[in-house]
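Student: Okay, predicted coordinates and the sequence, questions at the end:
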Amino acid sequence: MKHSEVKNRIIETASFLFYKNGYNSTGINEIISESGIAKATLYNHFKSKEDICLAYLQFKNTTFLNDIEIYCKSKKKGQQQILAIFDFLQLFFKDKDFNGCWCIKTVAEIPNDNEIIRNEIQTQKTSFIQLISKLVSSNLEKVKVDEVSSISRQIYLLYESAVSESHLHQLDLPIKEAKKICSQITT
């Protein structure tokens, strides 16, 4: 098997386990066992569990940003492309493996002084806000350039709270309510 295929299998396995069980509850031996590799193979690709965590976060984020952008852009131009953020979340929520936000789950498990993982998560959240900003600027004609950032951050906060609350309560009501508020912000 190719070097990159083994690495991808490790990342995908760790991603599944970290997201499902949590970062601290998932051990290196479990990743090795579930990946079907030797310990030496894992350490040929990753120096530490923290390195695996960074790869996990990057894998989840890349997939998420790509999928949500494609989904939103598949909708009718205008407000519908922005509201599609919440339709995408609704689909994510309905997935049997929905377990909230992988970033928030991870940051809750790391020590406050772990700047490497914290910085990665902050970068990912900033990338999501940038995606929302692109959707806002290309779909809302009435919005002034200096308002785009504020509106994008408001939508981001609605999305993040909808993820957390829908996970906490195991209901999609927070997603529906966030979408309603977003429609008011974007009219």
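Tutor: Nice, thanks for sending it over.
Student: which regions of this structure sit below the pLDDT cut-off?
Tutor: 1 (pLDDT under 70).
Student: List the single closest residue to the spatially most central residue of the chain in space, sequence neighbours excluded.
Tutor: With distances taken as CA atoms, centre = their mean, the residue of the chain nearest its centroid is residue 61 (4.9 Å). Nearest non-adjacent residue to residue 61, counting by CB to CB, 6 or more residues apart in numbering: residue 124, 4.4 Å away. In short, each C-beta sits where N, CA and C put it, glycine included.
Student: Kindly report the same for residue 151.
Tutor: residue 136 (5.4 Å).
Student: again, but for residue 20
Tutor: Residue 20 sits nearest to residue 99 (CB to CB, 6+ apart), 6.3 Å away.
Student: what separates the residue nearest to the centre of the chain from residue 120, distance-wise?
Tutor: 8 Å (CB to CB, to the nearest Å).
Student: What helix or strand is the residue of the chain positioned farthest from its centre located in?
Tutor: Most distant from the centre of the chain: residue 40, at 30.0 Å, with distances by CA atoms, centre = their mean. Per DSSP states H and E: residue 40 is located in helix 39-45.
Student: Check what contacts the helix or strand following that helix and list those residues.
Tutor: The helix or strand immediately downstream of helix 39-45 is helix 49-73, counting by DSSP H and E. Contact partners of helix 49-73, identified using CB atoms under 8 Å, 6 or more residues apart in numbering, comprise 10-12, 14-15, 18-19, 23, 28, 31, 46, 81-82, 84-85, 87-88, 91, 102-103, 106, 114, 116-117, 120-121, 124, 127-128, 131, 135.
Student: try 6 Å
Tutor: Contacts of helix 49-73 with the rest of the structure, by CB atoms under 6 Å, 6 or more residues apart in numbering, involve 11, 14-15, 18, 23, 28, 46, 81, 84, 88, 102, 117, 120, 124, 131, 135.
Student: Generate the PyMOL command that creates a selection of the buried members of those.
Tutor: For the buried members of the contacts of helix 49-73, the matching PyMOL selection, counting by 16 or more other CB atoms under 10 Å, is:
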select buried, resi 11+14+15+18+23+46+81+84+88+102+117+120+124+131+135
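Student: what two of the contacts of helix 49-73 have the greatest distance between them?
Tutor: 28 and 81 (42.0 Å; CB to CB).
Student: Buried residues in the helix or strand that contains residue 157, which are they?
Tutor: Secondary structure assignment for residue 157, by DSSP H and E: helix 145-169. Buried residues in helix 145-169, counted by 16+ other CB under 10 Å: 148, 151-152, 154-156, 158-160, 162-163, 165-167.
Student: quick revisit: can I get the helix holding residue 40 in CSV? Just the C-alpha atoms.
Tutor: What follows is helix 39-45, C-alpha atoms only, in CSV (Å, rounded to 0.1, in the frame of the first residue of the first chain):
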residue,chain,number,x,y,z
LYS,A,39,2.7,0.9,15.8
ALA,A,40,5.9,1.6,13.8
THR,A,41,3.8,2.5,10.8
LEU,A,42,1.8,5.0,12.7
TYR,A,43,4.9,6.7,14.1
ASN,A,44,6.4,6.7,10.5
HIS,A,45,3.5,9.1,9.6
